[in-house]
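Participant: sequence below, structure please.
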Amino acid sequence: MYHAKGTGRARYSLFTPDMAERTMRQLALENELHAAIQEEQFRVFVQPIVDCATGQLHSQECLIRWQHPDKGLLSPIAFLDTLEDIGLMRDLTDWILDQLEQTHATRRHSYSINLSVVLLGDAGFMGHLLQRISTGDIHAKNLIIEITEDTLSDDLERITLQLADLQAIGVRIALDDFGTGQSSLSHLRAFPFDTVKIDRAFMRDVIDNDQDATLVRAIIGLAHTLGMNVVAEGVETAEQHSFLRKEGCDLLQGYLFGRPSPMKQPDNVVPFSGQQG
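Facilitator: Alright, predicted model coming up:
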């Protein structure tokens, strides 16, 4: 039944043994995630975003990692969808904000966090975020909210109103993975983002592929025309940096400037226990 639902509406599916195997793997992952919360296995990593012209630090993106007891350090691709499916994404994101709050990180530097459509539609989460900002525990001018194009596809009108409320108090809004969605241009037309992040897929061959180079050049020009800054993701070589600097890209993120590394935390920071507000 779940396999049929997952392939679209009004479908049917015949049972095969590999379905049972996939289901068992999924249940095992869910149990491991619950254990990970109880045993405080999640970690906050940050990756620098630098000024393209000067190389100076502009901000840092907060990234979550799972310190699995057997498999080592796991990236979000291995667990994030399941974490959201079992209803723990709000707790985890609240905990990331706790780390920024308790370390007073946003007093000194700008940090970006990723928000899903579920959290943007969660009145309790959004209310708690606004409370953090109103009390000064999180500095609005140093907080950047990143959303993906897929997020906007679900309920564009409602989501843009929520983003506008955050933007009105000084929070910056970034459109992540730009260029991979089906309605990229309409999203730029619908909301005045502060920043557009060019997906890393366009960076991979930007030096050798004329089409990718043309697309990146066009995205930078379009964003600037609309008054938006541009971040190029996945920058790994000096040649890519040189190309982006020549084309007037504002900010860069990638291994050339720093890999994700553990966020520095004082001794009094509370580990993630899944019981956040």
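
Participant: which residues of the stretch 151-277 of the chain fall in strands?
Facilitator: Taking DSSP state E, counting those that start in this stretch as the test, the strands found in the stretch 151-277 of the chain are 172-178, 195-198, 229-232, 251-253, 261-262.

Participant: off-centre distance for the shortest one?
Facilitator: Pointing back at strand 261-262 there. Relative to its chain's centre, strand 261-262 lies at 16 Å (C-alpha atoms, centre = their mean, to the nearest Å).

Participant: quick one: strands adjacent to that strand?
Facilitator: Using DSSP bridges, the strands paired with strand 261-262 in its sheet are strand 42-51 (antiparallel).

Participant: now the angle from the partner strand to strand 172-178?
Facilitator: Angle, strand 42-51 to strand 172-178, by axes from the mean of the first three to the mean of the last three C-alpha atoms, to 10 degrees: 90 degrees.

Participant: in strand 42-51, what counts as buried?
Facilitator: Across strand 42-51, burial judged by 16 or more other C-beta atoms under 10 Å covers 42-50. For glycine as for every other residue, the C-beta is placed from the backbone atoms N, C-alpha and C.

Participant: residue 71: which of the strands of the stretch 151-277 of the chain is closest?
Facilitator: Among the strands of the stretch 151-277 of the chain, strand 261-262 comes nearest to residue 71, with 17.8 Å by C-beta to C-beta.

Participant: any idea what residue 68 is bridged to?
Facilitator: Beta-bridge partners, per DSSP bridges, of residue 68: residue 72.

Participant: so who does it touch?
Facilitator: 32, 36, 41, 74 (C-beta atoms under 8 Å, 6 or more residues apart in numbering).

Participant: ok, now which ones touch the third one?
Facilitator: Spelled out, that is residue 41. By C-beta under 8 Å, 6+ apart, residue 41 lies in contact with 35, 66-69.

Participant: and of these, the nearest to residue 176?
Facilitator: Of the contacts of residue 41, the one sitting nearest to residue 176 (C-beta to C-beta) turns out to be residue 66, at 20.7 Å.

Participant: give me the buried entries from the contacts of residue 41.
Facilitator: Of those, these count as buried by 16+ other C-beta under 10 Å: residue 66.

Participant: a markdown table for the contacts of residue 41, including pLDDT?
Facilitator: Shown next, in a markdown table, are those (pLDDT from 0 to 100):
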| residue | pLDDT |
| --- | --- |
| 35 | 83 |
| 66 | 93 |
| 67 | 94 |
| 68 | 93 |
| 69 | 92 |
